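Engineer: How does the following fold in three dimensions:
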Amino acid sequence: MDQMKIKTYTLFIFFTGITNVCCGPDFVRPNSLPNRQGKQLNDVDVPGGIDFSNAVLDQETGKRCVIKEDSIDSLEKRPILECTHKNVEKCHYTYVTQFDPSQEKVCEENFEKVCQITFKKQAQEETVKKCYKPLKKVCNGQGEEQCRTVYESSCSTKYVEKQPGKFVGDTRCQKLPIKICGRGCITQEGKEECHDKKIVTMTDIPEEICDLNPQRTCSRQTKLVPKLKPEHECTIVPQEVCNIKFTSPTIQKKALKNKVVP
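Structural biologist: Next up, the predicted model:
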């Protein structure tokens, strides 16, 4: 709703008049002025009946004057300031950021490692220490001839490098069959005999071969794309409108000062 507020100021407009009627610098009292017709003037004979005995010197004009107070009628008008307060709707366009979904194709390149292990035969020469206790046949020739199988112990030792420069002996033993035939024969175990023997062994050496295969994988992803959308927006703004009006003129009595000379 509009609200109205009235501010009132009073302005006095009046018309004043000041009459400056002064005498010359050589002011002489009226009763001392000579009459050209041989007749002197007294206070009663002064025109208008004004007494100039109390005349004063006017600093602005340098003349002696008599100030006479009087009153006049003047017109007076009072100004009235009227102000109106109201709310005004102001509208403009504003831009709002919005997002729209969009499908995009996104691809990535990955690498897959493919390995293959193969074994290669490699000949290695090793020194093996062989030891055994031979069995000796002792026969007395009595009885029937018989054959039997006896077992002779045979051990072999090879040195394996467990750490660089450090070898450890690996000993394995086995029983070798020996067939003995004769009359009244027995076997006796002889002294252990050892000797070094070089043997060639085939060892499987693993070898791994790897390769990288590029693989491209693609997928669709949803991304938000921004956009600006205009929207009409209104706000309420307070507004003040002022206007000056005058009242009807009235007549007022105002003081008036006159400077009078004889």
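Engineer: Please report the distance of Arg148 from Gly184.
Structural biologist: Using Cβ to Cβ, to the nearest Å, Arg148 is found at 12 Å from Gly184. The way it works is simple: take the backbone N, C-alpha and C, and place the C-beta from them, glycine included.
Engineer: just Leu212 next, same as before
Structural biologist: From Leu212 over to Gly184 the distance is 79 Å, taken as Cβ to Cβ.
Engineer: more crowded one of the two?
Structural biologist: Legend: neighbour count by other Cβ atoms under 10 Å for Leu212 and Gly184, higher for Gly184 (13 against 9).
Engineer: ok, now which ones touch the more buried one?
Structural biologist: Cys139, Asn140, Gly141, Gln142, Gly143 (Cβ atoms under 8 Å, 6 or more residues apart in numbering).
Engineer: residue contacts, the nearest residue to Cys181 once chain neighbours are set aside?
Structural biologist: Using Cβ to Cβ, 6 or more residues apart in numbering and skipping residues adjacent in sequence, the residue nearest Cys181 is Cys147, 3.8 Å away. By Cβ under 8 Å, 6+ apart, Cys147 lies in contact with Lys179, Ile180, Cys181.
Engineer: Listing partners with orientation, what would you give for the strand or helix carrying the second one?
Structural biologist: So that's Ile180. Ile180 belongs to strand 166-183 when assigned by DSSP states H and E. Partner strands and pairing direction for strand 166-183 (DSSP bridges) are strand 145-163 (antiparallel).
Engineer: quick one on the thing from earlier: and the strand holding Ile180, what's buried?
Structural biologist: Under the neighbour-count criterion of 16 or more other Cβ atoms under 10 Å, strand 166-183 has Ile180, Gly182 buried.
Engineer: I am finished for the moment; much appreciated.
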